[in-house]
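In: what follows is a predicted protein model with its sequence.
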Amino acid sequence: MMGDFDWTREQTSERDDPHRDLVVTGYLMAVVIPIVGFVIGIVVATRQTRAARHGSRIIILSVLAFAIYMALIVHAIQQQNAYQPQDPYSSSCDSNYQVCSSDYN
C-alpha cells in the first residue's frame, strides 16, 4: 500500500512548473538586489501561468527591501554627518559657549 500514494494535482503542478526557478530567483533578488527583483516580479506577474500570483508578492517584497535599504543608508549618512570632530586650533566658534578661539589671541 505504500506505493499507492497519490499526489494531488496541485502538488505535482507546483513542482513541474517551468517558471519555478524564475519565481525562486525573483524572491532572492527581491531581497538581495531589490531593483532586479522588482523587474523579475513584473515579468512573473505578466506570465499566464500559476506562477503569476507570486509576481505581486515579489514586487511588494522588493519595494519593502528597497525602502529598508534606503532608510539604513540615510541613517548611516546622518550618523556620519552628526559626528564631526572639531580641530581645537581652528578659528571657529564653539557653539556650546559662544566663545570664539580668536578672542584669546
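Out: Right, received. Where do you want to start? Fair warning: this is a prediction, and the values are worked out from it, not measured in the lab.
In: which stretches of the chain have low pLDDT?
Out: Residue ranges of the chain with pLDDT under 70: 1-16, 84-105.
In: the longest helix in it is where?
Out: Using DSSP state H, we find that the single longest helix of the chain is helix 52-82.
In: pull out the buried positions in that helix.
Out: Using 16 or more other Cβ atoms under 10 Å as the test for burial, helix 52-82 gives 54, 55, 57, 58, 59, 61, 62, 65, 66. All C-beta spots, glycine's among them, are computed from the backbone N, C-alpha and C.
In: A strand includes residue 48, no?
Out: No. The assignment for residue 48, made by DSSP: H, G, I helix; E, B strand; the rest coil, is coil rather than a strand.
In: next, count neighbours for it.
Out: The burial count assigned to residue 48 is 6, neighbours taken as other Cβ atoms under 10 Å.
In: distance of it from residue 40?
Out: Applying Cβ to Cβ, to the nearest Å, the value for residue 48 to residue 40 is 17 Å.
In: how about residue 49?
Out: Residue 49 is 14 Å from residue 40, where distance means Cβ to Cβ.
In: repeat that for residue 34.
Out: Taking Cβ to Cβ as the measure, residue 34 falls 11 Å from residue 40.
In: repeat that for residue 74.
Out: Residue 74 is 26 Å from residue 40, by Cβ to Cβ.
In: then residue 27?
Out: Look at residue 27 and residue 40: by Cβ to Cβ, they are 9 Å apart.
In: and for residue 75?
Out: Distance of residue 75 to residue 40, given as Cβ to Cβ: 28 Å.
In: any idea how far residue 72 is from residue 65?
Out: According to Cβ to Cβ, residue 65 stands 11 Å off from residue 72.
In: my bad, should have said residue 30
Out: 16 Å.
In: over to residue 63?
Out: Applying Cβ to Cβ, the value for residue 63 to residue 72 is 15 Å.
In: equivalent analysis for residue 33, please.
Out: For residue 33 relative to residue 72 (Cβ to Cβ), the value is 15 Å.
In: and if you look at residue 55?
Out: Plainly put, residue 55 is 26 Å away from residue 72 if you go by Cβ to Cβ.
In: over to residue 52?
Out: Distance of residue 52 to residue 72, given as Cβ to Cβ: 31 Å.
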